[in-house]
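> After the sequence you'll find the predicted model.
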Amino acid sequence: MEGTPGNAETAALFERIADLLEIRGENVFKVNAYRRAAENILETGCPLAEIRAEGTLRQVPGVGEAIAEKIEELLDTGRLGFYERLREEVPESLLELLEVPDIGPKRVGLVWKNLGVTDLAGLSAAAADGRLKDLPGLGAKSEAKIRKGLEDLASRKIAVRTPLGVAWELAAAVRESLLGAPGVERIEAGGSLRRMKETVGDLDFLTAASDAEPVMDRLAESPLVAEVLLRGSTKMSVRFRGGMQGDLRVVERARWGTAWQYFTGSQAHNVLLRELALKNGYSLSEYALKRTDGTERLCAEEEEVYRILGMAWIPPELREGRGEIEAALKGGLPRLIELADLKGDLQSHTEASDGRATLEEMAEAARKRGLRYLLVTDHSQGLGIAGGLSPEALLRQVSRIRELGRSFGDGFRLLSGSEVEVHSDGSLDFTDDLLKEVDLVVAAVHSALSGDREKVTGRFLSAVRHPLVHILAHPTGRLLTGKGRTGADADWDRVFSEAAATGTALEINASPMRLDLTDTLARRAMELGCLFAISTDAHAPEQFDFAHFGVSVAKRAWIPPERVVNTWEVDRLLKWAREKPARVADRVR
DNA sequence: GCCGTTTTCGGCCCGACTGTTTTCAGTCG
C-alpha cells in the first residue's frame, strides 16, 4: 500500500480482516463488527483522515475503540500490524475460495485445517480426488456441487456484478415474461436494482400469487434462464444466460409490504430496521411484524411497515444504512429530486461530432419528452476520436442553433454549448473568445486520468476555476461497461470545495455506462455545498431515456432539486452562467 | 468488537433451502 489508504481501501482491508477472522473460526459477532465498520467507512463520503483530524472517528457508526485505533495506525503508517500478523496465520489465498458457490467461511476453514488446502487449485484437486466427501458435515452431493461450482467459476459462467443499465433491461424482460403466469397478482424487482445501485449482483423478483407453482414453472422454462439452481415451495434461484443469478420469492398479497421491504434491502438497512422493530416490541421478518405474544400484524404495503415503526416511507435509493432511518424517525428525510423536476438536459451530441442524429432530431426528441431546453455540446477539436468540432464548425453550429431557436412555438429553447477538452496543462481546447459565443460550456477531461494525483487534481481545479466553464462533465471519467475503466484518483475534496466556491456545477452523467459522479462522491459534493447538472450525454434520441438513472444517483446522494441547475427555468440558468466570471473574480479577491 | 430512552454486561435480524442429519449446520440473501 502506498501512502495513506483512502476510505475504500480501508473498508476493503476491514472486509478482508473479517473474512480471515471468520475462516479462523472467530466469534461471528466480532467478525460482523468489522464488516459493519467497513460498510460505514465505505459509505462515508468524508475522508477518514479528515474525520480523524476533527476527532470524531468514534462517531462513525460501528467504529469503537479498537477499530478507531486501527484506523489511526493505518493513517499514520500506511500499515496495520494486526492484519500483518493475521495473514501470517491464515493464508490470504484462502479468500479466493469464498468465491465458490456453496463455500463459505466454515467450509474454507474445514478444508484448510483438515486437508491443508490453501487456494483454488488445492480445492479443485481435493474435489477431484474425492477427499471432500469424507469431511464432517459434507458428503458426496456436497462434493459434486462444489466441483460444479469450481467449474462454473473457472469457465466464467458466474457474473460478478452487472452494470445497472444491463441488469435493468434483463429485469424488465423477465418481469414481462412472468406477469402473465396464472394466479400472479403483482410482480416487482427488488434488491439493489430497485435501490438503483450502479452495479447489481443478482436480480430479486417478488411475486404476490395465490399459487407459487405456475410462476416458478414459467421462470424455469424461460428462454432467458440457463439453469435452475434451487427450488423450494416459495423460493427459487436461477442463473440467467450471461451469468447473472436471479431469485424469485412468492408471498401472499396480504404480506406484500413486509416482503417487498425485506427483498429490497439493503441488508444493512434491514438489520437496522429489525433492531428498531425489536425495541418497539416487534420481530420483523418478510412475513409480518410479530408481537412477542406471537400475534402478527400483516402489512400489504411498505408504507405500513415504516408507519408502524414510527416513520415515513423511505425511498429505496436511500436504504443503505447511511442515516436514513434516523432521519425518517426525526421527520427529516430530504425532499428528493424526481424525474419530473428536470426541465432540461445539459449534455447532448449530434452527428456533427460523435452523435447519431441531427440537431433537429435531437431537439425534437428532447421537446417530446417534455423538456423545456436542450444544451447541444458536441466535442471540441482536440478529441479527434470523437470527431471534435473545429472553431469554424462550432460557429456554424451556433448560428444554426440561433435560427432553429425561433422555430419552436411552445417556448422550447435550444441552447448552444461545447464539451470542451481540458488539456494536460489545464488549459482549454478553445479560446475564450470562441467560448464566449456559446450559452454554456461543459469542460471534460478525457485523457491521462490515471496520472499523478497532484497533477490530475490540478487539471480539475483549473477547469473549475475557469471563468467560462459552467459544468464539469463526468468528473471521474470511469466506465462501467466492457472492460471498464477506473475513475481518476484526484483530491476530490479540493475539487468539490473549489466547485462550490465558484458556483461550478458537477455533472451527474446519467448514461448507464458512466453514472459519474458516483453516488458516494456526489453525496460528499452535496455536503460541501456543490451544484449539480444531471445530463444524459445523449448521442441518439432514445438516449434521453437515461435521465432516470442520473436522477437515481442524485437520490442516492440525498440531493434536493434546488441544487440541480437543470431543474431551474432557462432564464435563471443563463443568468447563473453569465455570472460565472464575477464569481471567480470574487473567489480570487 | 460494538453498543445502551429498561443494559457499561450481555446481548448482537430473520428465514428458505440443502444436505447430512436423528435435530441441525452451513450458505445465502
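On my side now, so go ahead. Not measured: the values here are computed from a predicted model.

> and residue A:415, what helix or strand is that in?
Residue A:415 belongs to strand A:413-421 when elements are defined using DSSP states H and E.

> low-scoring stretches of chain A, by residue?
Within chain A, the stretches with pLDDT under 70 are A:1-3, A:448, A:482-483.

> Can you pull the domain assignment for it?
For chain A, automatic domain parsing gives the domain ranges A:7-154, A:162-250, A:256-329, A:342-588.

> what's the straight distance from one end of the second one to the other?
Between the start and the finish of domain A:162-250 there is a gap of 24 Å, counting by CA to CA, to the nearest Å.

> so how far is the first residue of stretch A:239-256 from its last?
This stretch, stretch A:239-256, spans 25 Å end to end (CA to CA).

> rewinding a little: could you say what helices and strands the strand holding residue A:415 packs with?
Applying 3 or more CB pairs under 8 Å, 6 or more residues apart in numbering; DSSP states H and E, one finds that strand A:413-421 makes contact with strand A:373-376, helix A:391-405, strand A:440-444, helix A:570-578. All C-beta atoms are positioned from the backbone trio N, CA, C, and that covers glycine.

> Quick check: which of the domains of chain A is buried the most?
domain A:342-588 (a mean of 20; mean count of other CB atoms under 10 Å).

> from the chain's centre, how far out does it sit?
Between the centre of domain A:342-588 and the centre of its host chain there is 20 Å, according to CA atoms, centre = their mean, to the nearest Å.

> quick one: the residue most central in space within chain A from DNA strand B, how far?
Of all residues in chain A, the one closest to the mean position by CA atoms, centre = their mean is residue A:198, 3.0 Å from it. Distance from residue A:198 to DNA strand B, counting by CB to the nearest atom of the strand, to the nearest Å: 18 Å.

> my read: that residue touches residue A:164, true?
Yes - counting by CB atoms under 8 Å, residue A:198 touches residue A:164, with 5.5 Å between them.

> what is in contact with the two at once?
Listed as contacting both residue A:198 and residue A:164 by CB atoms under 8 Å, 6 or more residues apart in numbering are A:480, A:515.

> about what we covered before: nearest to DNA strand B, of the helices and strands packed on strand A:413-421?
strand A:440-444 (37.5 Å; CB to the nearest atom of the strand).

> Contacts for stretch A:357-365, please.
Residues outside stretch A:357-365 that contact it (CB under 8 Å, 6+ apart) are A:348-352, A:355, A:374, A:376, A:397, A:400-401, A:404, A:408, A:412, A:414, A:538, A:540-542, A:544.

> do the same with stretch A:514-525
For stretch A:514-525, contacts defined as CB under 8 Å, 6+ apart pick out A:42-43, A:45-46, A:164, A:197-198, A:474-480, A:487, A:492-493, A:496, A:499-500, A:506-509, A:532, A:537, A:549-550, A:553-554, A:556-559.

> Just the residues you listed: which are in strands?
Taking DSSP state E, the ones among the contacts of stretch A:514-525 that sit in strands are A:506, A:507, A:508, A:509, A:532.

> and the gap between the closest residue to the fourth one other than its chain neighbours and DNA strand B?
Closest residue in space to residue A:509, ignoring its immediate chain neighbours: residue A:474 at 4.1 Å, by CB to CB, 6 or more residues apart in numbering. Taken as CB to the nearest atom of the strand, the spacing of residue A:474 relative to DNA strand B amounts to 31 Å.

> again with residue A:208
Taking CB to the nearest atom of the strand as the measure, residue A:208 falls 15 Å from DNA strand B.

> For residue A:434, find the nearest of the helices and strands packed on strand A:413-421.
Nearest to residue A:434, of all the helices and strands packed on strand A:413-421, is helix A:391-405, at 5.2 Å by CB to CB.

> What lies in contact with that closest one?
Residues outside helix A:391-405 that contact it (CB under 8 Å, 6+ apart): A:352, A:359-360, A:363, A:376, A:378, A:380-381, A:389, A:413-416, A:418, A:430-431, A:434, A:437-438.
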